[in-house]
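> I'll drop the sequence and a predicted model, then ask my questions.
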Amino acid sequence: MKTIVLGAGVIGVATAYYLSERGCDVTVIEREPGVALGTSFGNAGVIAPGYVTPWAAPGMPGKLIKYLLKPTSPLIFRPTLDAAQWRWIARWLRECDLERFRVNKQRMQRIAYYSRGCLHAFRAQHAFEYGRSQGYLQLFRSDYDVELAQPALGVLRDAGIAYRELDAAGCAQIEPGLAWSQVKPVAGIYLPDDEAGDCARFTRELRAVCEASGVKFVFDTEVLALEATGGRVSGVRVRPVPGRRTANNRRELREQRREDRRAPAQVLRPADLNEVADTEPQTLTADAVVVALGVESAALVAPFGVRVPLYPVKGYSATLPVVDEQKAPRAALMDESLKTAITRFGPYLRVAGTAELGDHRTTLREQALQTLMKVLDDWFPHAATLSSAQFWVGRRPMVPDGAPLLGQSGVQGLWLNVGHGSTGWAMSMGSGRVVADLIAGRAPEIDLDGLTLERYRR
């Protein structure tokens, strides 16, 4: 079966891997010049199925209002006249009910735990390094934040998920570097089975595995529209990104072709697809098209009557080299009060957090960067030199209730793998496998109730 995957973030590349495993002829289309250069590039790197939690939670609206009044805040809200923003917020508010929260969290955990199992099975076959660490520690600055975490703890208990409740001394036992912290946690929760790793690095290695099995990657190419024949999606209208076809691109293509002769990997560039003009559109046909374009997915499928309530919520991160091993974290932590993660990737630290609603541009905002640096300086003031930070911002594809949308779109030949929000890395392998199984006519290994577009049609 000829399939096209739109998007080469971790979600799209994982989908391509499993489609290839099921015998499909797979082509991945990506606007950027490589994989994992969008939302997958600078995320926190946490794979914590026990922690995955809907942003819509009991008490969260009140907490967000308090955040807005503080100079150091994990939330930046910029109201606009965009009706889509207010529709999304209204849906989100409805999902903050306790019973809705429990249902949504259980759905997210179902796909996240399945995904972690898929990742472990993959690692047993393909061993490579991507800055992996074990264990996940949540830190609470106040009793108020501990109280807000109780519904999530209830879900953990009901699901039989391993965790430990800790006092300040217990947190420092897990992470000795906290002995030098400028603040002390009032409590902590430790999930020993959760893990972390560099998502972008993993995706680059996964691309190589895909290429070895025959997956073709088409970079520097934008998707203009989906093509339909007789009510069925039959292909994709694409063109090379204007301005990317420089002498450097052509030189890179020649070098890539020389590499291909040494180790055959089917890598395509726009020049391979289009020998006419640099910006000449063309149609690529397929039996199945998988949309995994993050926030851009909603606009692409809307002309076919497919309504996906995606909204971009910007997230920020900083990456810094470790300067003192003893005073740095060993694994991954989350400051629950400021919703900011600190993750160890070998010789580097990643600090990631902040949710900015209302600005679609990928521009850095000073307020968000200050919050990241404050969290690192509070907990690990001697671990890194703050002036060495490399900053990043990306647009998370959020749905109001938290769980992703996988599988059929309602239009023949068109499949979805979207809406993972800030937990795409944690859900990537499982989501890719589910969608590949459905396309190949196999029964998925997990219950998909609440993980498809059908939940909105109800």
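Perfect, thanks for sending it.

> buried residues in stretch 23-37?
Within stretch 23-37, the residues scored as buried using 16 or more other Cβ atoms under 10 Å are C24, V26, T27, V28, I29, E30, R31, E32, V35, A36, L37. C-beta here means a position set from N, CA and C on the backbone, and glycine is covered the same way.

> just the ones in strands from these, please.
V26, T27, V28, I29 (DSSP state E).

> circling back: same list (the buried residues of stretch 23-37) but as TSV, adding pLDDT.
Shown next, in TSV, are the buried residues of stretch 23-37 (pLDDT from 0 to 100):
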residue	pLDDT
C24	98
V26	98
T27	98
V28	98
I29	98
E30	98
R31	97
E32	97
V35	98
A36	97
L37	96
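
> re earlier: now for the ones in strands among the buried residues of stretch 23-37, which pair is the farthest apart?
Largest separation among those by Cβ to Cβ: V26 and I29, giving 10.8 Å.

> overlap in contacts, the two.
In terms of Cβ atoms under 8 Å, 6 or more residues apart in numbering, V26 and I29 are both contacted by the residues I4, V5.

> which stretches in the stretch 301-450 of the chain count as strands?
311-321, 332-335, 340-345, 348-357, 390-398, 405-408, 414-418 (DSSP state E, counting those that start in this stretch).

> residue ranges in the protein under the pLDDT threshold?
Along the chain, the model assigns pLDDT under 70 to residues 244-278, 458.

> before we move on, back to that, closest to A159 out of the buried residues of stretch 23-37?
Looking across the buried residues of stretch 23-37 and measuring by Cβ to Cβ, the closest to A159 is A36, at 30.4 Å.

> got a list of contacts for stretch 158-167?
By Cβ under 8 Å, 6+ apart, stretch 158-167 touches 49-50, 106, 109, 137, 153, 156, 170, 173-174, 187-193.

> what's the span of that stretch, first residue to last?
The first and last residues of stretch 158-167 sit 23 Å apart, counting by Cα to Cα, to the nearest Å.

> repeat that for stretch 376-387.
Stretch 376-387 stretches 12 Å from its first residue to its last (Cα to Cα).

> what is the neighbour count of the closest residue to L405 other than its chain neighbours?
Leaving aside its sequence neighbours, L405 sits nearest to G419 (Cβ to Cβ, 6 or more residues apart in numbering; 4.5 Å). Residues near G419, counting by other Cβ atoms under 10 Å, number 30.

> show me what contacts the closest residue to P79 other than its chain neighbours?
Spatial nearest neighbour of P79, excluding adjacent residues (Cβ to Cβ, 6+ apart): G358 at 6.0 Å. Listed by Cβ under 8 Å, 6+ apart, the contact set of G358 reads I76, F77, R78, P79, T80, D82, Q85.

> wait, F140 sits on P185?
Yes - F140 is within contact range of P185, at 5.7 Å (criterion: Cβ atoms under 8 Å).

> of these two, who's got more company?
P185 (27 against 23).

> span of stretch 396-404 from start to end?
End-to-end for stretch 396-404, by Cα to Cα: 12 Å.

> no wait, stretch 205-219
16 Å.

> buried stuff in it?
Result for stretch 205-219 [16+ other Cβ under 10 Å]: buried residues E205, L206, R207, V209, C210, E211, V215, K216, F217, V218, F219.

> again, but for stretch 103-111
For stretch 103-111, burial by neighbour count (16+ other Cβ under 10 Å) applies to V103, N104, K105, R107, M108, Q109, R110, I111.

> which residues are contacting it?
49-50, 52-54, 56, 95, 152, 155, 159, 161, 401-404, 406, 423, 427, 430-431, 434, 446-447, 449-451.

> which residues in this structure form helices?
10-21, 60-68, 83-94, 98-125, 143-148, 150-159, 168-174, 199-212, 247-262, 270-273, 297-301, 366-379, 424-439, 454-457 (DSSP state H).

> follow-up on the earlier one: looking at the buried residues of stretch 205-219, which is nearest G305?
Using Cβ to Cβ, V218 comes nearest to G305 of those, at 27.4 Å.

> which among the contacts of G358 end up buried?
Buried members of these, counted by 16+ other Cβ under 10 Å: I76, F77, Q85.

> returning to that earlier point: now for the contacts of G358, which pair is the farthest apart?
By the measure Cβ to Cβ, the contacts of G358 have their two most distant members at I76 and D82, which lie 15.9 Å apart.

> contacts only, for P347.
P347 makes contact with P321, V322, according to Cβ under 8 Å, 6+ apart.

> now do V306
S409, G410, V411, L414, L416, L453.

> if you set the cut-off to 6 Å instead, what comes out?
V306 sits next to S409 when contact means Cβ atoms under 6 Å, 6 or more residues apart in numbering.

> hang on, the earlier thing: mind putting the buried residues of stretch 23-37 into TSV with distance to H382?
Compiled in TSV, these are given as follows (distance: Cβ to Cβ, whole Å):
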residue	distance to H382
C24	51
V26	47
T27	49
V28	43
I29	45
E30	40
R31	41
E32	36
V35	35
A36	31
L37	32
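
> identify the residues contacting stretch 233-242?
4, 220-227, 270, 278-279, 281, 283-286, 289, 411, 413-414.

> of those, buried ones?
For the contacts of stretch 233-242, buried by 16+ other Cβ under 10 Å: 4, 220-223, 226-227, 270, 278, 284, 286, 289, 411, 413-414.

> out of the residues you listed, who's nearest A318?
For these, the nearest to A318 is D220 (28.0 Å; Cβ to Cβ).

> and the closest one, how far is that from R31?
Note on D220: its distance to R31, by Cβ to Cβ, to the nearest Å, is 7 Å.

> again with P312
Distance from P312 to R31, by Cβ to Cβ: 16 Å.

> count of residues packed around the residue nearest to L98 when sequence neighbours are not counted?
Leaving out its chain neighbours, the residue that sits closest to L98 by Cβ to Cβ, 6+ apart is P58, at 4.8 Å. For P58, the count of nearby residues is 18 (other Cβ under 10 Å).
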